[in-house]
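In: no sequence on this one, just coordinates:
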C-alpha cells in the first residue's frame with residue numbers, strides 16, 4: 001500500500017493506527033487506498049505491538065434481558081472513548097470463574113461484571129489482576145468500583161405506589177440467594193412495616209426466571225384467597241405471574257395488580273405493559289465505562305461507588321383493588 005500512494009510505510013502505519021502527525025491530505029490518500037484494496041486493520045497484531053488491547057471485558061448472563069440492554073449501552077459508551085468490548089457469558093453450565101478467566105485470556109484491560117455473585121473478597125482479589133467494576137450489586141466496604149441502583153428504595157417505591165392505590169394484601173415473590181435479592185426483599189419488608197402492614201407481609205420462594213413466577217402464582221391460586229397485589233423480584237418473574245393468572249382467568253389489574261423490577265425490553269411490550277422499576281441501564285453503563293477509563297488512563301486508584309436512584313414506571317398492570 002505504501003508504494004501505491006507513494007509514502008513511507010511509517011506514514012501509512014500512522015494513518016491506519018489513527019495517530020496524529022500526517023496531514024489531512026495524506027490521511028485521505030491512505031484511507032482511500034485502503035478502501036480500494038479492501039484493507040482491514042489486523043487488530044491482534046496492532047494490540048500486540050502497542051502492548052494495549054483497549055478491550056473492556058464484560059461478564060453477562062445470557063438468560064437476563066436486562067443484561068442484554070446493559071451490553072448495548074456499554075458498547076456505545078466504550079466506543080465513544082476508543083475502547084471495545086469482549087463478552088463472556090454465564091450459562092447453566094458456565095460459572096463466573098470460567099467467564100472471568102476467558103476475559104483475562106483475551107487481554108481485557110478492565111472487567112465490567114454484571115450482577116456478580118462471587119464473594120466480595122474474591123472480587124477484591126480479582127481487582128489486583130485488572131480493574132473490576134461491579135454493576136448492579138451492593139458490596140459492603142467495597143475495595144473495588146461499584147455502579148448500582150438503590151434496590152431497596154426501588155421496591156419501596158413500588159409498595160408506596162400500591163398502598164397509595166389502596167392495597168394492603170401485597171405478596172412478594174423473592175429472587176433467591178444473593179445480595180441483590182436480599183436488598184429487594186429487605187426493601188419490601190421495610191416498606192410494608194413503614195405503612196403498618198406487618199401482618200400482611202408474605203414472601204414466596206422464587207428466582208429470576210419466568211418459571212419461578214409461574215410457580216409462585218400457582219401457589220397463590222391454590223390458596224383460599226388471592227392477594228390484591230403481587231410484587232416480583234424482576235420482570236421475568238412478573239411475566240411468569242401474568243401468564244399463570246391469565247390461564248386461571250384472573251384479570252390484571254382488575255382482580256390482582258402485578259409489578260416487576262428492571263424495566264427490561266419485554267416489560268414494555270404491549271402484551272405485558274408491565275408496571276415496573278427502571279434501573280437506568282444507560283446511566284449505569286456510562287458510569288461503568290467512565291470508571292474503567294479513570295482506572296486505566298487517569299491513574300485513579302481509590303475505589304468508588306456510584307448509587308443511582310431507581311424510577312417507578314407506571315404502566316397497565318396496577319390499579320385500585322376491587
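Out: Structure's in. What do you need? Because the structure is predicted, anything quoted here is derived from the model rather than measured.

In: what about this protein, any weak spots by pLDDT?
Out: 1-5, 10-21, 38-50 (pLDDT under 70).

In: so where do the helices sit in this protein?
Out: With DSSP state H as the criterion, the chain has helices at 2-5, 9-16, 24-37, 43-50, 65-80, 96-105, 120-127, 151-165, 179-194, 210-221, 235-247, 281-297.

In: State the distance from residue 86 to residue 155.
Out: 33 Å (CB to CB, to the nearest Å). All C-beta atoms are positioned from the backbone trio N, CA, C, and that covers glycine.

In: so which of the helices of the chain gets nearest residue 316?
Out: helix 235-247 (10.9 Å; CB to CB).

In: Sort out which residues of that closest one are buried, please.
Out: Under the neighbour-count criterion of 16 or more other CB atoms under 10 Å, helix 235-247 has 235-245 buried.

In: Let me know the closest of those residues to residue 222.
Out: Using CB to CB, residue 244 comes nearest to residue 222 of the buried residues of helix 235-247, at 10.8 Å.

In: which one is the closest one nearest to, not counting chain neighbours?
Out: Nearest residue to residue 244, sequence neighbours excluded (CB to CB, 6 or more residues apart in numbering): residue 217, at 3.5 Å.

In: how much space between the one you found and residue 142?
Out: For residue 217 relative to residue 142 (CB to CB), the value is 36 Å.

In: Could you check which of these two is surrounded by more residues?
Out: A side-by-side neighbour count of residue 217 and residue 142, using other CB atoms under 10 Å, places residue 217 first with 30 against 18.

In: pretty sure that one is touching residue 241, no?
Out: Yes: counting by CB atoms under 8 Å, residue 217 touches residue 241, with 4.5 Å between them.

In: Give the residues shared as contacts by those two.
Out: The contact sets of residue 217 and residue 241 overlap at residue 230 (CB atoms under 8 Å, 6 or more residues apart in numbering).

In: Counting neighbours, what do you get for residue 193?
Out: Quick note: residue 193 (other CB under 10 Å) scores 12 neighbours.

In: Just list the residues touching it, thanks.
Out: Contacts of residue 193 were listed using CB under 8 Å, 6+ apart, and they are residue 201.

In: How much space separates it from residue 257?
Out: 20 Å.

In: didn't residue 266 look like it was pressed against residue 273?
Out: No: checked against CB under 8 Å, the pair residue 266 and residue 273 is beyond contact range at 10.8 Å.

In: How far away from the center of its chain is stretch 172-188?
Out: The chain centre lies 17 Å from the centre of stretch 172-188; the measure is CA atoms, centre = their mean, to the nearest Å.

In: Outside of that stretch itself, list whatever touches it.
Out: Contacts of stretch 172-188 (CB under 8 Å, 6+ apart): 115, 117, 136-139, 151-156, 159, 201-208, 212-213, 216, 230-234, 237, 241, 261.

In: Try it again at 6 Å.
Out: 117, 137-138, 151-152, 155-156, 203-208, 216, 231-233, 237 (CB atoms under 6 Å, 6 or more residues apart in numbering).

In: Type out the ChimeraX command that picks the buried ones from those.
Out: Buried residues within the contacts of stretch 172-188, by 16+ other CB under 10 Å, are selected in ChimeraX with:
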select :117,137,138,151,152,155,156,204,206,207,208,216,231,232,233,237
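
In: on that earlier part again, of residue 266 and residue 273, which one has the most company?
Out: residue 266 (19 against 13).

In: Look up how far residue 154 lies from the closest residue to the more buried one other than its chain neighbours.
Out: In space, and not counting its chain neighbours, residue 266 is closest to residue 65: 5.7 Å by CB to CB, 6+ apart. Distance of residue 65 to residue 154, computed by CB to CB: 17 Å.
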